[in-house]
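In: structure for the following, please:
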Amino acid sequence: MLTKGHVLLINPWLYDFAAYNEWMEPQGLLSVAAVLRENGYTLSLIDCLDRWHPDLLKLQGRETPKSNEYGCGKFHKTFLDKPAVLDHVPRRYGRYGLPLEIFEAELDRQPRPDAILVTSGMTYWYPGPFEAIRRAKARWPNVPVILGGIYATLCPDHARQKSGADFVIHGEGELQTLRLVDSLIDHPSRYDKYSHPSTTLRPFDGAQGRLGSGQGSGYDLDSYPFPAHDLRRNQGYVAITTSRGCPYRCTYCASHRLNPQGFRQRDPQRVVAEIEWCRPSTTLRLCSGQGSGHCTKLDVRDFAFYDDALLVNAQQHIHVILDEVIARGLDCRFHTPNGLHAELIDESLAAKMFQAGFKTVRLGLESGDPEEQRRSGGKVTNEGFRRAVAALRSAGFEAANVTAYVMLGLPGQHIKDVEESITFAHQCGATVEVTLYSPIPGTAEWERAVHHWGLDPQADPLLHNESAYPLQSEALDVEAFERVKALAGRGNQNLKGPSGFGKPEGPGSQEL
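Out: Okay, here's the model as predicted:
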């Protein structure tokens, strides 16, 4: 196929106080890239978060990046002066990812592109995309730059006014980007193969995680090619998304803003085909024969599910995926950094997860206070959480592999409630990871913070940072935060013990 033009994709740096690579991948950018490639564009990628970049490893005096057994590890950090609005945070700020000189050398290697795509992550990471745009514009001032991603979707006005991008795309990016790039280069594509209504979007039926019948709007996810994982240097892992959106509406989550089309699931067989493409010594035609004509080999064993609602519609979705993985003998290691809905885990699913190769199971508890659970969306109950942990532990998972997220720093939250939630999770037999609340525009917690807790909706998005916002509260200071972390750490160590197993509590401790 004759190329329509050259598109440069940039996965920018993270600017933050702390950053750790837990199977991170620019999933949206790689999905957009796959659609562009399928329609005749030549692509190149500069990945500022590439821990395997040979020039970075040379600078570090290493042959491989320092990683844990599942491929996770620290990003390279360049310390920077803190922005003035973050002066109250007692931590050192920095840029995570490739040093600037390596990025500039990557730009030197690129032919002049016809368009440049820059993605974005959390709202408070916007300095990374801004820096990438500024440097790309300095190199090619007349090449159009398109900004998309999470920040661009949640803060589109801020992005348009301040990013320096020529175009800002918010929302689902595949078709928007293809149409825009086609118009800039004056080479139209066929769009009808993507535009039919999704048959996988259905309304949510209730607490059992079942989907009812019905037809929704939105593009069919199975009409898209697989994300272009092969554009990245092999990191040893791949991030997989089997669905978009979430049928729940938790007060602190922006899934409904990022996926206004609603909740959609991919065909389980397509998901397994993507996993199989990424396994060692597996050669498959990219995009499952959807026209790219490109063949490649990947060597990946670790897969991280980044779904917001992986377990919904379990019998027709995750059970089918795991049955196929087991039947094909794919020998994968699966991880769930986004957190699973504990209410939807039973003994059958837990056993299948263990057999299929799940190694890192994260559960979204957030709070053990029943009233807070109901107020924030009702996705979990203490009994459901306890039942899920018991099922996972009975299936063979050790305490070190079953972790509950407990949230700290919600507006109006009391430290005592957080401490009791941590203790409850430990009593159930799960280790705990304390997560700091970050205010996300458009969520119910955002509106509550604006109207009742003095959050300025026009404030610099840097203040959305999870290390910054909670410390503006009189109820939370650094000493209290360290006390909570220490409580979680002690309980985790007690659970792991010499064997790492620990004994779950019986049914007598249902409520706090």
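In: which residues touch D166?
Out: For D166, the contacting residues are 144-146, by C-beta atoms under 8 Å, 6 or more residues apart in numbering. Backbone N, C-alpha and C define where each C-beta goes, glycine included.
In: which pLDDT value goes with it?
Out: D166 is assigned 98 on the pLDDT scale.
In: ditto for H451
Out: Reported pLDDT for H451: 89.
In: gap between it and A254?
Out: Per C-beta to C-beta, to the nearest Å, H451 is found 18 Å from A254.
In: which one's more surrounded, those two?
Out: A254 (19 against 10; other C-beta atoms under 10 Å).
In: now the more buried one: closest residue in space, sequence neighbours ignored.
Out: Closest residue in space to A254, ignoring its immediate chain neighbours: I440 at 4.4 Å, by C-beta to C-beta, 6 or more residues apart in numbering.
In: swap in D460?
Out: V85 (5.1 Å).
In: got it, and P227?
Out: Among residues not flanking P227 along the chain, L30 sits closest, at 3.9 Å (C-beta to C-beta, 6+ apart).
In: isn't the one you found up against P225?
Out: No: shown here, L30 and P225 do not form a contact pair, counting by C-beta atoms under 8 Å, at 10.2 Å.
In: restrict the helix ranked longest in the chain to CA atoms and write it as CSV.
Out: Determined from DSSP state H, the single longest helix within the chain is helix 478-496. Taking Å, rounded to 0.1, in the frame of the first residue of the first chain, the C-alpha atoms of helix 478-496 are listed here in CSV:
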residue,chain,number,x,y,z
VAL,A,478,2.3,15.0,56.4
GLU,A,479,2.5,13.4,59.8
ALA,A,480,-1.0,11.9,59.5
PHE,A,481,-0.2,10.6,56.1
GLU,A,482,3.0,8.9,57.3
ARG,A,483,1.1,7.4,60.2
VAL,A,484,-1.5,5.9,57.9
LYS,A,485,1.2,4.5,55.6
ALA,A,486,3.0,3.0,58.5
LEU,A,487,-0.2,1.3,59.7
ALA,A,488,-0.7,-0.2,56.3
GLY,A,489,3.0,-1.3,56.1
ARG,A,490,2.9,-3.1,59.5
GLY,A,491,-0.3,-4.9,58.7
ASN,A,492,1.1,-5.9,55.3
GLN,A,493,4.2,-7.3,56.8
ASN,A,494,2.3,-9.2,59.4
LEU,A,495,0.1,-10.8,56.8
LYS,A,496,3.0,-11.8,54.5
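In: show me what it is packed against.
Out: Helices and strands touching helix 478-496, by 3 or more C-beta pairs under 8 Å, 6 or more residues apart in numbering; DSSP states H and E, are strand 402-408, helix 415-428, strand 431-436.
In: tilt between that helix and strand 431-436?
Out: 160 degrees (axes from the mean of the first three to the mean of the last three C-alpha atoms, to 10 degrees).
In: next, the buried residues of stretch 7-23.
Out: Applying a neighbour-count criterion of 16 or more other C-beta atoms under 10 Å, one finds 7-17, 19, 21-23 buried in stretch 7-23.
In: helices of the stretch 201-350 of the chain, start to end?
Out: For the stretch 201-350 of the chain, the helices defined by DSSP state H, counting those that start in this stretch occupy 255-258, 268-278, 318-327, 347-356.
In: so what does the last one touch, helix or strand wise?
Out: Right, helix 347-356. helix 318-327, helix 382-395.
In: do the same with the second one
Out: Contacts of helix 268-278 with other secondary structure elements, assessed using 3+ C-beta pairs under 8 Å, 6+ apart, are made with strand 237-240, strand 282-285, helix 318-327.
In: where does pLDDT dip in this structure?
Out: Scanning the chain with the threshold set as pLDDT under 70 gives 1-2, 195-218, 280-297, 470-476, 498-512.
In: quick check: the residue nearest the centre of it vs A459, distance?
Out: Residue closest to the average C-alpha location in the chain (C-alpha atoms, centre = their mean): Y306, at 5.2 Å. Applying C-beta to C-beta, the value for Y306 to A459 is 28 Å.
In: centre of the chain to stretch 260-273, how far?
Out: 16 Å (C-alpha atoms, centre = their mean, to the nearest Å).
In: measure that stretch end to end?
Out: For stretch 260-273, the separation between the terminal residues is 27 Å (C-alpha to C-alpha, to the nearest Å).
In: numbering from 39 from now on, please.
Out: That works, and once the first residue is 39, the last one we named lands at stretch 298-311.
In: buried stuff in it?
Out: Residues of stretch 298-311 classed as buried by neighbour count (16+ other C-beta under 10 Å): 299-306, 308-310.
In: for stretch 119-129, same thing?
Out: So, applying 16+ other C-beta under 10 Å, buried residues of stretch 119-129: 120, 124, 127.
In: make JSON lines from these and add distance to I171 and secondary structure to it.
Out: Below are these laid out as JSON lines (distance: C-beta to C-beta, whole Å; DSSP: H, G, I helix; E, B strand; the rest coil):
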{"residue": "K120", "distance to I171": "22", "secondary structure": "coil"}
{"residue": "L124", "distance to I171": "21", "secondary structure": "helix"}
{"residue": "V127", "distance to I171": "26", "secondary structure": "coil"}
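In: out of those, which comes closest to R75?
Out: Set against R75, the nearest of these by C-beta to C-beta is L124 (39.0 Å).
In: what's the burial count for the closest residue to the closest one other than its chain neighbours?
Out: Once flanking residues are discounted, L124 sits nearest to A506: 5.6 Å by C-beta to C-beta, 6+ apart. Using other C-beta under 10 Å, A506 is surrounded by 25 other residues.
In: using the three-state scheme, assign A506.
Out: coil (DSSP: H, G, I helix; E, B strand; the rest coil).
In: and it, what does it touch?
Out: The neighbours of A506, taking C-beta under 8 Å, 6+ apart as the test, are 123-124, 126-127, 162, 500.
In: quick check: the farthest pair among the residues you listed?
Out: H126 and Y162 (14.4 Å).
In: got a list of contacts for the longest strand seen in the chain?
Out: If you go by DSSP state E, the chain has its longest strand at strand 396-404. The contact list for strand 396-404, computed with C-beta under 8 Å, 6+ apart, reads 108, 290, 371-380, 383, 391, 410-411, 414, 417-418, 423, 426-427, 430, 435, 439-445, 459, 463, 468, 471.
In: and those residues, which are buried?
Out: Buried among the contacts of strand 396-404 by 16+ other C-beta under 10 Å: 108, 290, 371-380, 383, 391, 410-411, 414, 417-418, 423, 426-427, 430, 435, 439-445, 459, 463, 468, 471.
In: now G209. Nearest residue, chain neighbours left out?
Out: Using C-beta to C-beta, 6+ apart, the closest residue to G209 is T191 (5.8 Å).
In: and for V350, the neighbour number?
Out: By the measure other C-beta under 10 Å, the count of residues near V350 is 26.
In: for K96, that is, sorry about that
Out: The tally of other residues near K96 (other C-beta under 10 Å) stands at 11.
In: also W163?
Out: 24.
In: which residues touch it?
Out: W163 makes contact with 50, 52-54, 189, according to C-beta under 8 Å, 6+ apart.
In: let's see 7 Å
Out: By C-beta atoms under 7 Å, 6 or more residues apart in numbering, W163 lies in contact with 52-54, 189.
In: so after the helix or strand hosting I48, what's the next helix or strand?
Out: According to DSSP states H and E, I48 maps onto strand 44-49. Using DSSP H and E, the next helix or strand after strand 44-49 towards the C-terminus is strand 52-54.
In: and D515, how far from V522?
Out: Distance from D515 to V522, by C-beta to C-beta: 11 Å.
In: I am finished for the moment; much appreciated.
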